[in-house]
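**Q** need a 3D model of the sequence below.
(one chain, ligands or ions: 2)
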Amino acid sequence: MPTETVYGLAADARNPAAVAKIFAAKGRPADHPLIVHIGAIGQLEQWARDIPPAAHLLAAQYWPGPLTLILKRQPDVPDAVTGGQDTVGIRMPNHPLALELLKAFAVIGSGAVAAPSANKFGRISPTRAAHVQHDLGDAVAMILDGGESAVGIESTIVDLTRGTPVVLRPGAITAEEIAATLHEKAGADAPAASHPAPRVSGALAAHYAPRTPLQLIAGDGLLRQVEACLSKGQTIAVLAYSVSPLRHPAVLWFAAAHDAPHYAHDLYANLRLLDAAGVDLILVESPPNQAEWHAVADRLGRAAVGSGVDEST
Ligand code: TXA
Ligand code: MG
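**A** Ligands and ions are numbered 1, 2, ... in the order given. Predicted structure coming up:
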C-alpha cells in the first residue's frame, strides 16, 4: 500500500499467518517488529495500553502523518507483529488511499495493518509502485498504486515507553519539533535525544543500501574525488545538490534538490537510478549539517555502510 513516507507491505495485524508472509516476502529476520498502521486515532487503545499524555499530544499534532509512536502493547497484539517485545509501534499514515484501505478494512477486519517498507530487507525503500513491482514482483498479491510518496523517507520513530521520549529513527518530523510540541503543550523537559535502539532494523548501521559502492564526500572535496576516480579509470555516478555538474563520458551526474523536503522526496528514487547505472562507484555530496537534513544524512550514512554488497550474484 502507498503511504506518504514509503510504500508498505501490508498484512492484517491481527492475523499471525498473514504477518508471517511479510517476513517471507521481505527476507527479514522474524524478531524485527513491525509498525501497526491504524486509520483513526481512536483505534490507539486497541493496540496500546498505559498510553502517556505525550502520545495523545503527538497524535493530535502529527496524525495522520509521518510519526510512529512506540507504546506498551495490549496483551493480545500478536508476537509476530511486536517481535515478542512488550511494546508496539503505531502510526496513522497520511495518504488518501491508505486511509481508504484502513477504513474499509475496519468494516471487514481488524482495521489495522502491520506494514514494513515494501523492499527486500536492508535495501532501498520504495517510494513508487514501480519500485515495489521491481523488488517484490510476484511475491505480493497486489500493489495499490498511490503515486509518488510525498515525504519519501520513513517515519520518525519516537519511543514513549522509557519515561523520556527518545527518537529511535529520525524522519521528516524532527526531534526539535517533537520537543517543541511536548514542551509547549505539556511543559515537558527537552526530550527526544537521538538514541538508536538495537531492535530497530532502520537503526542498523547498514541499511537502505545500493549494491554499487557508495561514498559520501563533502562538497568542497567532491570534484577532486571525481578526478581521482577518473584517473583510476573508474566510471562514477554523482548525486550533488550544490556542486555544478562536471561533463565527462565516464560520469553520470544527478542534480539533487537544494532543500531537505524535496531532497528526501527524491532520495530513494535517485539512489535506485544511481545503482542501476552500472557504474563502479556512487559519490554523494554530504548533506548540510542542519536539523532539517538530519534524517536524510542518517539514511545516506546507512546507505554508504551497507553499499557494495550484491548477494544476488
Ligand atoms: O514510514 C514508515 O514508518 C514506513 C511506512 C510503510 O509506514 N514503515 C517502515 O517500516 O519504515 P519498517 O519495518 O521498514 O521500519 C519500522 C521500524 C523498524 O526498524 C522496526 O524495528 C521499528 O520500526 N519498530 C517497530 N516496532 C517497534 C517496537 N515495538 N520497538 C522498537 N522499534 C520498533
Ligand atoms: Mg524498512
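
**Q** all helices for the stretch 51-200 of the chain, in order.
**A** For the stretch 51-200 of the chain, applying DSSP state H, counting those that start in this stretch gives helices covering 53-62, 79-82, 96-108, 129-136, 175-186.

**Q** make CSV from those and add distance to P288, mean neighbour count and mean pLDDT to it.
**A** For glycine as for every other residue, the C-beta is placed from the backbone atoms N, C-alpha and C. Formatted as CSV, the helices of the stretch 51-200 of the chain follow (distance: least, CB to CB, whole Å; neighbours: other CB atoms under 10 Å; pLDDT from 0 to 100):
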stretch, distance to P288, mean neighbour count, mean pLDDT
helix 53-62, 24, 18, 97
helix 79-82, 37, 20, 96
helix 96-108, 31, 15, 96
helix 129-136, 27, 18, 96
helix 175-186, 15, 17, 88
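
**Q** can you list the buried residues in stretch 289-296?
**A** E292, W293, H294, A295, V296 (16 or more other CB atoms under 10 Å).

**Q** how about the secondary structure of the fourth one?
**A** I take that to be A295. helix (DSSP: H, G, I helix; E, B strand; the rest coil).

**Q** residue contacts, it?
**A** Going by CB atoms under 8 Å, 6 or more residues apart in numbering, A295 touches I153, T156, P170, G171, A172, T174, A260, A264.

**Q** from those residues, which land in strands?
**A** Filtering the contacts of A295 for membership in strands, criterion DSSP state E, returns T156.

**Q** turn the contacts of A295 into TSV, columns for distance to V309 and neighbour count.
**A** As requested, these are arranged in TSV below (distance: CB to CB, whole Å; neighbours: other CB atoms under 10 Å):
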residue	distance to V309	neighbour count
I153	21	29
T156	27	28
P170	24	24
G171	25	26
A172	28	25
T174	31	21
A260	28	23
A264	24	25
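
**Q** picking that back up, now the helices of the stretch 51-200 of the chain in TSV, with distance to ligand 1?
**A** Below are the helices of the stretch 51-200 of the chain laid out as TSV (distance: least, CB to the nearest ligand atom, whole Å):
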stretch	distance to ligand 1
helix 53-62	12
helix 79-82	6
helix 96-108	9
helix 129-136	11
helix 175-186	15
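
**Q** out of the buried residues of stretch 289-296, who's nearest K21?
**A** Closest approach between the buried residues of stretch 289-296 and K21, by CB to CB: A295, at 29.4 Å.

**Q** and the pLDDT for P198?
**A** The model reports P198 with a pLDDT of 43.

**Q** distance from the centroid: which residue in the protein tops it?
**A** Distance from the C-alpha centroid of the chain, by CA atoms, centre = their mean, peaks at S231 (36.3 Å).

**Q** quick check: residues of this structure near ligand 1?
**A** For the chain, the contact set with ligand 1 under CB under 6 Å from any ligand atom comprises 3, 5-6, 8, 32-35, 66, 68, 70, 82, 85, 87-89, 93, 115-117, 154-155, 157, 168, 197, 199-202.

**Q** would you point out the most distant pair within the contacts of A295?
**A** For those, the farthest-apart pair by CB to CB is T156 and A260; their separation is 13.4 Å.

**Q** wait, what's in contact with P287?
**A** Y241, A260, Y263, W293, V296, A297, L300 are the contacts of P287 under CB under 8 Å, 6+ apart.

**Q** noted, bye for now.
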